[in-house]
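Asker: fold the stuff below for me.
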Amino acid sequence: MKRFLCALLACLLLILPALAEEEESIEDEYEEEYEEETATGSWSQINQAVGKGEGWEQVGTDGRFHLGEKQPLEGYDGLYIMDWGTWPSMDGSTVCVPMAMELARQWLGLEEGDMNGFVSFSTTPYAYDRLTGGKPNPLVTIKSQGVMMDDTHPIDLVLATYPNADERRAAAEAGVELVYVPFCYDAFVFMVNEANPVDSLTVAQIREIYTGQHKTWAGLGGTAQTLYAYQRPHGSGSQTAMEEMVMTGLEIAEAEDNYISDGMADAVRQIGNYDNGPGAIGYSYLYYVNTLVESSGVKALAVDGVAPTDENLQSGAYPFTVNYYAVYRKGDANTEAFVNWLVGEEGQRAVEQAGYIPLR
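Answerer: Now for the predicted structure:
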């Protein structure tokens, strides 16, 4: 009930600001829970406009996946509750927000102004928790239509980086078998300030940095500038990649105070803009750095001399090539059909149109 009222309030305040005063008492009661949901959301980590690319086109969707019926919200003219129909309710990683937007354009014809309400991603750990626990995504709206999506319907599909060991264990303990289907390529990249003369590191050097063996850049092709190694919180998609793909069992040195980047945007800002930026190093996903956040002052390093170009990702030449995954509960035939479309010819055209690197 709390989630329902919180989501209802959010919808009302988005669509009919005049109702804010009338609903003030409800807002006070649920303010803390609403802030907890929104503070960790993906939109707080995106500061670049994300819209249709130049030359956008419909790729040929056939209407199989669509939203359901809407019912009037009693007592509020022009407001509705809508069921999900055959459209899979989604959540996911920040880096996959533009993909979800593209899917909503292709299949649902949503207006661009509705995207930040309809694509309401909570970030990787929350998304996997919802999928495993059969929980809903409670704050999904279509503002221009006065619609709040049914907040009792559990998440059907997560678009995200691969889950960490804790998240995989949680699914197993809950008896939930998840299906992981890769739908695109990206690069897990190491970022430094553009003033840093270093352009490439070896895998061994990266591991040395994050096991605490380098205090300056002098032994890495740089100067005697102090080295500041930023990390991400455990459970974030980028930290999972760092722990499982890059370090491969090596223990990461404990981060110094203030050297854990709470959000993906923080990691970029800390390397590009802060006073210690010229000596900083951190990690993220190339699509995020290039598309979703203002990243002036930052450059992505080559690894073992291989740059993270499209060609090097599709060939596997870049050492830290990653996939993003469409993840759903085994046995969900409707979502499985949607994912099959996503990795098919039409879906891969949509992937490329959203700026990601398709599988083929």
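Asker: which residues of the stretch 151-300 of the chain score low on pLDDT?
Answerer: 274-276 (pLDDT under 70).
Asker: which residue ranges of it form strands?
Answerer: Along the stretch 151-300 of the chain, counting by DSSP state E, counting those that start in this stretch, strands occupy 157-160, 178-193, 200-201, 228-229, 280-285, 298-300.
Asker: mind listing what's buried in the longest one?
Answerer: Put plainly, it is strand 178-193. Neighbour counts over strand 178-193 (16 or more other CB atoms under 10 Å) mark 178, 183-193 as buried. Every residue, glycine included, has its C-beta placed from N, CA and C.
Asker: ok now it, how far from the chain's centre?
Answerer: Centroid separation for strand 178-193 versus its chain: 11 Å, with CA atoms, centre = their mean, to the nearest Å.
Asker: tell me what it is packed against?
Answerer: If contacts are counted by 3 or more CB pairs under 8 Å, 6 or more residues apart in numbering; DSSP states H and E, strand 178-193 sits against helix 264-272, strand 280-285, helix 286-287, strand 298-300, helix 310-315, strand 321-329, helix 333-342, helix 345-353.
Asker: pretty sure residue 165 sits against residue 244.
Answerer: Yes. Residue 165 is within contact range of residue 244, at 7.4 Å (criterion: CB atoms under 8 Å).
Asker: related to what we said a few turns ago, how about the helices and strands packed on strand 178-193 in JSON lines, adding mean neighbour count?
Answerer: What follows is the helices and strands packed on strand 178-193, written out as JSON lines (neighbours: other CB atoms under 10 Å):
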{"stretch": "helix 264-272", "mean neighbour count": "23"}
{"stretch": "strand 280-285", "mean neighbour count": "26"}
{"stretch": "helix 286-287", "mean neighbour count": "23"}
{"stretch": "strand 298-300", "mean neighbour count": "21"}
{"stretch": "helix 310-315", "mean neighbour count": "15"}
{"stretch": "strand 321-329", "mean neighbour count": "23"}
{"stretch": "helix 333-342", "mean neighbour count": "18"}
{"stretch": "helix 345-353", "mean neighbour count": "18"}
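Asker: out of these, nearest to residue 257?
Answerer: helix 264-272 (13.4 Å; CB to CB).
Asker: now do the contacts for residue 165.
Answerer: Listed by CB atoms under 8 Å, 6 or more residues apart in numbering, the contact set of residue 165 reads residue 244.
Asker: about what we covered before: residue 216 is nearest to which of the helices and strands packed on strand 178-193?
Answerer: Judged by CB to CB, the one of the helices and strands packed on strand 178-193 that comes nearest to residue 216 is strand 280-285, at 11.8 Å.
Asker: list the strands paired with the closest one, with their directions.
Answerer: Paired with strand 280-285 in the same sheet, following DSSP bridges, are strand 178-193 (antiparallel), strand 228-229 (parallel).
Asker: include distance to residue 69 when you put those strands into a markdown table, please.
Answerer: Below are the strands paired with strand 280-285 laid out as a markdown table (distance: least, CB to CB, whole Å):
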| stretch | distance to residue 69 |
| --- | --- |
| strand 178-193 | 28 |
| strand 228-229 | 53 |
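Asker: residue 84: which of the ones you listed is closest?
Answerer: Taking those one by one with CB to CB, strand 178-193 is closest: 19.2 Å.
Asker: the inter-axis angle of the closest one versus helix 264-272?
Answerer: 20 degrees (axes from the mean of the first three to the mean of the last three CA atoms, to 10 degrees).
Asker: how near is residue 311 to residue 294?
Answerer: Computed as CB to CB, to the nearest Å, the residue 311 to residue 294 distance reads 27 Å.
Asker: same check, this time on residue 269
Answerer: Residue 269 sits 8 Å away from residue 294, going by CB to CB.
Asker: what about the nearest residue to residue 152 once chain neighbours are set aside, how many neighbours?
Answerer: Nearest residue to residue 152, sequence neighbours excluded (CB to CB, 6 or more residues apart in numbering): residue 136, at 5.9 Å. Residue 136: 21 surrounding residues under other CB atoms under 10 Å.
Asker: residues touching residue 136, list them.
Answerer: Residue 136 neighbours (CB under 8 Å, 6+ apart): 3, 89, 130, 150-155.
Asker: repeat that for residue 209.
Answerer: Contacts of residue 209 were listed using CB under 8 Å, 6+ apart, and they are 201, 220, 227, 229, 281.
Asker: export those residues as a markdown table, with columns for distance to residue 83.
Answerer: Shown next, in a markdown table, are the contacts of residue 209 (distance: CB to CB, whole Å):
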| residue | distance to residue 83 |
| --- | --- |
| 201 | 51 |
| 220 | 56 |
| 227 | 53 |
| 229 | 48 |
| 281 | 47 |
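Asker: highest neighbour count among the residues you listed?
Answerer: Within the contacts of residue 209, neighbour counts (other CB under 10 Å) peak at residue 281, which reaches 23 neighbours.
Asker: might one say that that residue is in contact with residue 189?
Answerer: No. Between residue 281 and residue 189 there is no contact under CB under 8 Å: 10.8 Å.
Asker: closest to residue 67 out of the contacts of residue 209?
Answerer: Distances from residue 67 to these, taken by CB to CB, are shortest for residue 281, at 44.3 Å.
Asker: tell me how far that closest one lies from residue 340.
Answerer: Separation of residue 281 from residue 340 (CB to CB) stands at 40 Å.
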